[in-house]
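[1] Any chance you can model this:
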Amino acid sequence: MWRYLWRSIDRFSLQYFKYIINELRDIRVVDEYNREVVVDLLQSVVEIVTYGDRHDPSIFECFMEYQVLAEFVRTLKISRNSRIEAPLLQYLSIMIQNLNSEHAIYYCFSNEYINNIITHQYDFDGGDLMPYYISFLRAVSCKLNRDTLCLLVKVQQDVVVSFPLYSEALKFSHHGEKMIQIAVRAISLNIYNVSDDMVCQFLTTPPASEYFSYLVSSLREKCLHLDDLVHVTKETCTSDRKKELIVETDKIVDDLYYFNDILSIGNSRLSRLVTDNLLTLFVFPILLQILHLTDDNEKHLSPLTSLYLVSRLLQVIDGTEMVNSVGRIILYPNIVCIASYSGPDSDRAENIKRNCSVDQLLEYVSSTSEFFCRVYENIPSERAGLLSYIYSDNQSLLLASLFLLLVLAESADLDYLLASVIGLPPTKVGMHNTMADTDLVSLVVGESILLKHMPQIFNALLNILASQPPLPLQWHTGWILRNLLVIQEKKLTHQDFDLFITSFDQSRERLWKELDGSWFDYIPETLQKEWRSCQTENMDIRNVWAKWRFLVLIASVLCHAVVLEESSHSKDPLFTLDHYFKQDMPNGHSDSFIAWQRMVDAVKVFVLHLQLRSLIFEGCSPESTTINLTTEDGFPANVGTELPLGSGIPCKISFSKAEMRDVHLLPVSKGISGKLLLVEKHPHRDLGVVIAVEPLAGLNPKLDEIHPTWLHLRLREFDPRYGAVKTRGQHSRSSNRAVEGRWTLGFLNTKTCEAARSVIARESSKQRSSVERLITSLLGNSSNNQHY
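    A predicted model of the protein is given here:
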């Protein structure tokens, strides 16, 4: 009998579910005294309903019969400062996310239950309620489809007059917390994806449509802030300032991707509204600023920032209309110039303007833009528009304008005639044109930007390389030079050859000097790695954007790996903005890190010149060429390895103030491998046990000036395998920076100390000679031996 009375209750039974519902119905007020009880009841309801949706239909029938969602709404209304809202929204979110039955979802969205919960007056000041509320809205939006969408809107005379889910979510679109912004955008995209004609009309009609103009205006404000960061004085161009620059560009790119996501949905009415707002409030004003066609009384972006933004826009937002709208305006001065060569009133001139659709576009700009613009009736100079920046003495403007041209040229949606204005040969335009169009293209190409001005462009880029600018600038200049050579297939002048030879020899000499540095042992490996990276097939930037941005602050310091063959649409144009920013090292950087960075920079610059040399002198990229600089590790000894003491030199070392150890010093080298071993005598065998291993390169052994029996060895703190300062096994707990970066060994007498220094220097020299022999085939030949 007692066993029967105390048997366990089935928590997922219909009977227990009814009991929980009745308990919840008996609650008349929710306050701090019964809050926990109510939370437990809500949790039980959600758990049982989720179980019943999958295993027991009778439970959900009971859920509907007892109108449990109405009890959730009532619980919100009877709460008195009980903070019940957060757990209630959390459990509702969990329930909605886990409902699989379409019937269950349809019921939950009906009868205004969800709308009542959405529009409840919450107090978001303080506390953590907002994330739960946004999570609830997102859970609801994820279950939307064409059938359930109509349950969440209010309709009068076949017109949607209210959509609480959308309207309430957009109230948080300007929230400062990134996760909230992401969630709101996800909610809006979920809604756009399932919107029917009535809902779409609501979204694209004021006041709901004002959201899109707000987005564009907010984007423009971010661009103005970015422009302020770009033009800070050189004294304030610190690494912190650069981090701020990167954060601000991230915000802008995120906004552009959001616009592209909306356009990718394919809703014609929504796409038209977004495109009009982007073109009118953002794109056209920037383009007109680039062409100097704006009212001087307005606040404008600088040309450098404008060029960056247009390049980013074309990289992110797909579509024929956007690409060709940008192309027609940015190339307008050149189109007018080309048309004028055929006579201003000739049929050819009118044909060029008609095919480029310039008149219609400028009419659209002048009728919709709030910015003052004036059309060039007469081009005062051939060097108008982008050419004014290409011929600028400002290297950043030169690179930014050429980068924009390359992005335009590589756009698959670019009109063939606009591509010809840039300078793509007819064979590369990729269009099957009529004979008349072919004649027109030939005329345009003959006066195109790249074809007509390429000698001056090549000369300007080669002058940048020969001036030995910082590594990032050399890399990006080389990338642009390579792409222009591939596009135009033009030969350089004798003067250009001389400039390149000068630059090549400078890069070779810089790498030679690194053989005397503290990282010469890594030169072969780095050379091989960088050679491969130049030929690595580029990844789609959309797939790696989040990960890359997470690492960019470190990567911008540790390396500037740039794939020379990458597409302009996946190359980050940030390099055009950060030219003046100092390449400061991370906090806590060491001398070994600086030396490492210097060596890597020298290798990268040399590999860049090797790639360009092949393209310039041989007319092709060295795609099939490989560099094999690997050799076998000559002495694979690690901590714990047992080996004979042999010629080891006895000495003492202290890894901490409380410990002095007797060890044997054993420097060994074979091929390009070299190690310094500290070996401790085995207590029971006639062998030694390795207790510490350091590379020979960079030890720089020096006798102490006061104590001639002491030998100081400098250790490389930075470990390139991990991009961080090394920890040294059992001794990593020491907080003494000098101990981590230096060993001081004590010897029996001065003669033994000097002998130890000599043997370290000798083995290190042998290792260096092996490295030198290995890379001589690459470094030994000057470009002066090339014929042109």
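
[2] can you pull out the helices in the stretch 301-450 of the chain?
    Secondary structure of the stretch 301-450 of the chain (DSSP state H, counting those that start in this stretch): helices located at 303-316, 320-330, 332-341, 347-356, 358-368, 386-390, 395-409, 416-422, 426-429, 435-446, 449-466.

[3] Tell me the buried residues in the longest helix seen in the chain?
    Criterion DSSP state H: the longest helix present in the chain is helix 750-779. Burial within helix 750-779, assessed by neighbour count using 16 or more other C-beta atoms under 10 Å, is assigned to 752-753, 756-757, 759-760, 763-764, 766-768, 770-772, 774-775, 778-779. Any C-beta I mention is one placed from the backbone N, CA and C, and that applies to glycine too.

[4] residues near residue 478, how many?
    Residues near residue 478, counting by other C-beta atoms under 10 Å, number 25.

[5] cool, and the one 3 residues further on?
    Other residues near residue 481 number 25, with proximity taken as other C-beta under 10 Å.

[6] Now it: closest residue in space that isn't a chain neighbour?
    Closest residue to residue 481 apart from its sequence neighbours, by C-beta to C-beta, 6 or more residues apart in numbering: residue 461 at 4.7 Å.

[7] So residue 471 is in contact with residue 601, correct?
    Yes. Taking contacts as C-beta atoms under 8 Å, residue 471 lies within contact range of residue 601: 4.4 Å.

[8] what about the strands in the stretch 51-200 of the chain?
    Assigned by DSSP state E, counting those that start in this stretch, the stretch 51-200 of the chain shows strands spanning 154-156, 159-162.

[9] Could I get those in CSV, plus columns for mean neighbour count and mean pLDDT?
    Putting the strands of the stretch 51-200 of the chain into CSV (neighbours: other C-beta atoms under 10 Å; pLDDT from 0 to 100) gives the following:
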stretch, mean neighbour count, mean pLDDT
strand 154-156, 12, 93
strand 159-162, 14, 94
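
[10] possible to save these as TSV with distance to residue 101?
    What follows is those, written out as TSV (distance: least, C-beta to C-beta, whole Å):
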stretch	distance to residue 101
strand 154-156	26
strand 159-162	27
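
[11] Now do the SS call for the spatially closest residue to residue 688 that is not a sequence neighbour.
    Among residues not flanking residue 688 along the chain, residue 679 sits closest, at 3.6 Å (C-beta to C-beta, 6+ apart). When classified by DSSP: H, G, I helix; E, B strand; the rest coil, residue 679 comes out as strand.

[12] For burial, what's the neighbour tally of residue 679?
    Residue 679 - counted by other C-beta under 10 Å - has 25 other residues nearby.

[13] and if you look at the one 5 residues further on?
    Residues lying near residue 684 (other C-beta under 10 Å) number 6.

[14] Doesn't it belong to a strand?
    No. Assessed with three-state DSSP, residue 684 is coil; it does not lie in a strand.

[15] Would you mind giving me the confidence score for it?
    Confidence at residue 684, expressed as pLDDT, is 79.

[16] That one and residue 642: what is the separation?
    Distance of residue 684 to residue 642, computed by C-beta to C-beta, to the nearest Å: 11 Å.

[17] Over to residue 63?
    72 Å.

[18] same thing with residue 112?
    Relative to residue 642, residue 112 is positioned 79 Å away (C-beta to C-beta).

[19] between these two, who's got more neighbours?
    A direct count of neighbours by other C-beta under 10 Å for residue 112 and residue 642 places residue 112 higher, at 17 against 12.

[20] which phi and psi does that one have?
    With angles defined as degrees, to the nearest 10, residue 112 sits at phi 70, psi 10.

[21] again with residue 570
    Phi and psi for residue 570, reported as degrees, to the nearest 10, are phi -110, psi 0.

[22] any idea which strand is longest in the protein?
    strand 659-670 (DSSP state E).

[23] Stretch 502-520: how far from the chain's middle?
    31 Å (C-alpha atoms, centre = their mean, to the nearest Å).

[24] what's that stretch in contact with?
    462, 465-466, 468, 523, 592, 595-596, 598-599, 602-603, 605-606, 608-609, 612-613, 697-698, 700, 714, 716, 767-768, 771-772, 779, 782-784 (C-beta atoms under 8 Å, 6 or more residues apart in numbering).

[25] Can you name every helix or strand that the helix or strand harbouring residue 593 contacts?
    Assigned by DSSP states H and E, residue 593 falls within helix 591-618. Under the contact definition 3 or more C-beta pairs under 8 Å, 6 or more residues apart in numbering; DSSP states H and E, helix 591-618 sits against helix 471-488, helix 494-513, helix 523-534, strand 718-719, helix 750-779.

[26] Would you format the ones you listed as CSV with mean pLDDT and distance to residue 393 included?
    Below are the helices and strands packed on helix 591-618 laid out as CSV (pLDDT from 0 to 100; distance: least, C-beta to C-beta, whole Å):
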stretch, mean pLDDT, distance to residue 393
helix 471-488, 85, 15
helix 494-513, 91, 17
helix 523-534, 83, 30
strand 718-719, 82, 38
helix 750-779, 92, 34
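
[27] By mean pLDDT, which helix or strand of the protein comes out lowest?
    helix 541-558 (a mean of 36; mean pLDDT, DSSP states H and E).

[28] these two touch, right, residue 674 and residue 637?
    No. Contact criterion C-beta under 8 Å: residue 674 and residue 637 do not qualify, at 11.4 Å.

[29] For these two, indicate the residue with more neighbours.
    Set residue 674 next to residue 637 and count neighbours by other C-beta under 10 Å: residue 674 wins out with 27 against 16.

[30] quick one on the thing from earlier: okay, and the beta partners of the residue nearest to residue 688?
    For residue 679, the residues forming beta bridges with it (DSSP bridges) are residue 664, residue 690.

[31] I'd like the distance between it and residue 664.
    Residue 679 is 5 Å from residue 664, where distance means C-beta to C-beta.

[32] who touches both of the two?
    645, 648, 688.

[33] how about a markdown table for those residues, with pLDDT added?
    Below are the shared contacts of residue 679 and residue 664 laid out as a markdown table (pLDDT from 0 to 100):
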| residue | pLDDT |
| --- | --- |
| 645 | 85 |
| 648 | 91 |
| 688 | 90 |
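
[34] what sits against the nearest residue to residue 88 once chain neighbours are set aside?
    Using C-beta to C-beta, 6+ apart and skipping residues adjacent in sequence, the residue nearest residue 88 is residue 42, 5.8 Å away. Listed by C-beta under 8 Å, 6+ apart, the contact partners of residue 42 are 24, 72, 75, 87-88, 91.

[35] For residue 42, give me the pLDDT.
    Confidence score, pLDDT, at residue 42: 95.

[36] element containing it?
    helix 35-55.

[37] List every C-alpha atom in that helix, with coordinates, as CSV.
    Taking C-alpha atoms only, helix 35-55 is exported to CSV below (Å, rounded to 0.1, in the frame of the first residue of the first chain):
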residue,chain,number,x,y,z
ARG,A,35,8.4,34.2,-8.5
GLU,A,36,10.5,31.0,-8.3
VAL,A,37,7.3,28.9,-8.1
VAL,A,38,5.9,30.6,-11.2
VAL,A,39,9.2,30.1,-13.0
ASP,A,40,9.2,26.4,-12.2
LEU,A,41,5.6,26.1,-13.5
LEU,A,42,6.5,27.9,-16.8
GLN,A,43,9.5,25.7,-17.3
SER,A,44,7.4,22.5,-16.7
VAL,A,45,4.7,23.7,-19.2
VAL,A,46,7.4,24.3,-21.9
GLU,A,47,9.1,21.0,-21.3
ILE,A,48,5.8,19.0,-21.4
VAL,A,49,4.5,20.8,-24.5
THR,A,50,7.8,20.3,-26.3
TYR,A,51,7.6,16.6,-25.4
GLY,A,52,4.0,16.3,-26.4
ASP,A,53,4.6,17.9,-29.8
ARG,A,54,6.8,15.0,-30.7
HIS,A,55,5.4,12.1,-28.8
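
[38] Next, the buried residues of it.
    35, 38-39, 41-53.
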